[in-house]
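Enquirer: Sharing a sequence plus its predicted fold:
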Amino acid sequence: MELSQSGLLRRIFKFFLVNLIAQSVGWGQLHDNPSYGDTCGSLRSVLIRYGYFHAHARSFLMATTNYGPLSDYWAYALGAGIGYESPEWKGFQFGLTGFFIFNVASSPLGRIDSLSGLGNRYEIGLFDITDPENRNDLDRLENLYLNYRYKNFNFRIGRQEVHTPFLNKQDGRMRGTLEEGIWLSLDDVKGFSMEGGYLRAISPRSTVNWYRISESMGVYPAGVNIYGQKSEYPGNLRSAGFFALKLAYQWQDRFKVQFWDLFTENIFNTAFLELEGRFTLGSKWIFQPGFIATRQDPVRCGGHCDPAKAYMPRGQSSNIFSGRLAFQKNSLRFSLNYTRITSHGRFLFPREWGREYFYTFMPRERHDGLGNVHAAVARISYGFWGNRLTPTVAYGHFYLPDVREYRLNKYGMPSFNQLNVEVRYNFTGYLKGFSIVGLLVYKGALGNTYNQYRFIHNKVNMFNWNFILDYMF
């Protein structure tokens, strides 16, 4: 169930948005129209003159070509938003942003494919996955916070963007995931830093509503439980919220270590450790190795003492190890990456909250819901014309448990290979702020699909096409 105040807050945002635009126009009038002279000492004039307005417009065309007789999909989304950050006053500052999205045109995104029994997976994420037929009322109040800064210490309360290895913006659609709560950070004290906080609510990517932490788990498709039956945890979990703590140390630019503990009260805990180095080889090459170790354990009954309704049942802990060998020479970057998820249990982290931070992550697929995994990815990119034009190619093999080994395969995903080709261009000069991204994804089957379309549709033997235009100012 969504938070009851979401509709009211969206109306408030619309009111503020109109007024922000009017005030930004008034800013010019304040300087150009003599009749505004008597307001120059007011709070209003200070907020307009020294505050910061910013805006973002986004155009996203996506299409999916599926295997043989399975349904194909396409959609074109257009959106825009505006935000405001006040000037700091004795360390205090407030911010407000919001965004509107329109479904300009698309195939029927709520239609179920008759052969696989499955619906759309990718294009629906451009809009509201909880209401596929909603084409116009896709507005969301995003940031709404009060911030306090003193030297290296920062405190923020309200709706905001939080970045952790697994809970993050994941902005591969129109807008990213946002959180509500309290977040604190202490930066760069002789190389040490720390951050963390408490979150009570989340607005997942591809939704317009806000949900309490436990209610947000299951907004996206929930797959099957360890017995192969439909997961029953959506709506059956209870949690006081999400707690996080990060401790980090960086020595010059040669070595960095960070540790995170991510605790979802009454459900599960994730501990994350990353080590990264940076070494010069010869006169031009830079070597950047990295290593990640992650451990997950259920808390109490994993959200519910009935294993069929638990998110992470007792005895289903997971261990994940990921490594990277990366090389850089001027604008050329190349890396070899590997991830191993052991067979102790599934790696689990709500897809509603963010994308996982493993070196083998590739857009349009996840490691979530899987155990006993071997994944290997090679990635290369080169920057032309001062890195304004950057093509990137990534290719990976992902060896997963059999689709019928439900204890280790939550979503019935077969082993697969994946190719991503991305081209990004950032404009300069008069068009500074514009960027264009083209992304082509192909996924092919390596594992047994048992000739069942439900293991193929939107999973393997498919192409996903993306063309994105952004303008930020």
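Expert: Arrived safely, thanks for sending.

Enquirer: So what's the residue count around residue 190?
Expert: 6 (other CB atoms under 10 Å). From N, CA and C alone the C-beta is placed, and that goes for glycine too.

Enquirer: wait, residue 357
Expert: Count around residue 357 with other CB under 10 Å applied: 19.

Enquirer: give the contact list for it.
Expert: With contacts defined as CB atoms under 8 Å, 6 or more residues apart in numbering, residue 357 is in contact with 165-166, 168, 272, 274, 292.

Enquirer: Which members of the residues you listed are the farthest-apart pair?
Expert: Spatial extent of the contacts of residue 357 (CB to CB) is set by the pair 168 and 292 at 15.0 Å.

Enquirer: Could you check how far the residue most central in space within the chain is from residue 368?
Expert: With distances taken as CA atoms, centre = their mean, residue 170 lies nearest the centre of the chain, 1.3 Å away. Separation of residue 170 from residue 368 (CB to CB, to the nearest Å): 12 Å.

Enquirer: next one: residue 252
Expert: 35 Å.

Enquirer: Looking at these two now, which is surrounded by more residues?
Expert: Neighbour tally, residue 252 and residue 368, criterion other CB under 10 Å: the higher count belongs to residue 368, 19 against 8.

Enquirer: Quick check, pLDDT for that one.
Expert: Looking at residue 368, its pLDDT is 96.

Enquirer: What segments of the stretch 101-250 of the chain are strands?
Expert: For the stretch 101-250 of the chain, applying DSSP state E, counting those that start in this stretch gives strands covering 138-150, 153-160, 178-189, 192-203, 211-212, 242-251.

Enquirer: For the last one, which outside residues touch it?
Expert: Just to be clear, that refers to strand 242-251. With contact meaning CB under 8 Å, 6+ apart, strand 242-251 is reached by 162, 164, 167, 181, 188, 191-200, 213, 256-265.

Enquirer: contacting residues for residue 463?
Expert: With CB under 8 Å, 6+ apart, residue 463 has these contacts: 64-65, 440-442.

Enquirer: Show me which residues of the helix or strand hosting residue 378 are buried.
Expert: Using DSSP states H and E, residue 378 sits in strand 373-382. Using 16 or more other CB atoms under 10 Å as the test for burial, strand 373-382 gives 373, 375, 377, 379, 381-382.

Enquirer: quick one: average pLDDT of it?
Expert: 98.

Enquirer: what's the following helix or strand after it?
Expert: strand 389-399.

Enquirer: What are the boundaries of the helices in the stretch 1-150 of the chain?
Expert: Shown for the stretch 1-150 of the chain, the helices assigned by DSSP state H, counting those that start in this stretch span residues 6-32, 43-50.

Enquirer: Do I have it right that residue 367 meets residue 356?
Expert: Yes - look at residue 367 against residue 356 with CB atoms under 8 Å: they come within range, at 5.4 Å.

Enquirer: what touches both of these two?
Expert: Residues touching both residue 367 and residue 356 by CB under 8 Å, 6+ apart: residue 347.

Enquirer: roughly how far apart are residue 232 and residue 208?
Expert: Distance from residue 232 to residue 208, by CB to CB: 26 Å.

Enquirer: Pick out whichever of the two has more residues nearby.
Expert: More crowded of residue 232 and residue 208, by other CB under 10 Å: residue 208, with 24 against 16.

Enquirer: ok, that one touching residue 128?
Expert: Yes - the pair residue 208 / residue 128 is scored as a contact, 5.4 Å apart, by CB under 8 Å.

Enquirer: overlap in contacts of the two?
Expert: residue 138.

Enquirer: picking up where we left off before, quick one: which of the contacts of residue 357 is nearest to residue 103?
Expert: The nearest member of the contacts of residue 357 to residue 103, counting by CB to CB, is residue 168 at 25.5 Å.

Enquirer: From the structure, what's the count of residues near that closest one?
Expert: 19.

Enquirer: got a list of what the closest residue in space to it that isn't next to it in sequence touches?
Expert: Nearest non-adjacent residue to residue 168, counting by CB to CB, 6 or more residues apart in numbering: residue 354, 3.8 Å away. Counting by CB under 8 Å, 6+ apart, residue 354 touches 164, 166-170, 177.

Enquirer: coming back round to it: need the contacts of residue 463 in CSV (columns: pLDDT).
Expert: What follows is the contacts of residue 463, written out as CSV (pLDDT from 0 to 100):
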residue, pLDDT
64, 98
65, 98
440, 98
441, 98
442, 98
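
Enquirer: was I right about residue 264 contacting residue 216?
Expert: No - the criterion here is CB under 8 Å, and residue 264 misses it with residue 216 at 10.5 Å.

Enquirer: so where is the stretch 1-150 of the chain shaky, pLDDT-wise?
Expert: Across the stretch 1-150 of the chain, the ranges flagged by pLDDT under 70 are 1-41, 44.

Enquirer: Out of the buried residues of strand 373-382, which comes closest to residue 84?
Expert: Closest approach between these and residue 84, by CB to CB: residue 381, at 35.1 Å.

Enquirer: how close does the residue nearest to residue 420 when sequence neighbours are not counted get to residue 445?
Expert: Spatial nearest neighbour of residue 420, excluding adjacent residues (CB to CB, 6+ apart): residue 394 at 4.5 Å. For residue 394, the distance to residue 445 equals 19 Å [CB to CB].

Enquirer: which of those two has more neighbours?
Expert: More crowded of residue 394 and residue 445, by other CB under 10 Å: residue 394, with 21 against 17.

Enquirer: pretty sure the more buried one is in contact with residue 377, am I right?
Expert: Yes - using CB under 8 Å as the test, residue 394 is close enough to residue 377 to be in contact (6.0 Å).

Enquirer: if I look at the two, which residues touch both of them?
Expert: residue 362.

Enquirer: before we move on, the earlier item: for the residue nearest to the centre of the chain, grab phi and psi.
Expert: phi 40, psi 60 (degrees, to the nearest 10).

Enquirer: is it true that it touches residue 220?
Expert: No - the pair residue 170 and residue 220 does not pass the contact test of CB under 8 Å, sitting 11.5 Å apart.

Enquirer: Residue 62 and residue 73, how far apart?
Expert: 8 Å.

Enquirer: got any residues that touch both of these two?
Expert: 122-123.

Enquirer: what about the helices in the stretch 201-350 of the chain?
Expert: 213-216.

Enquirer: in it, what spans have low per-residue confidence?
Expert: Ranges of the stretch 201-350 of the chain meeting pLDDT under 70: none found.

Enquirer: try 90 this time
Expert: 252-253, 281-284, 315-316 (pLDDT under 90).
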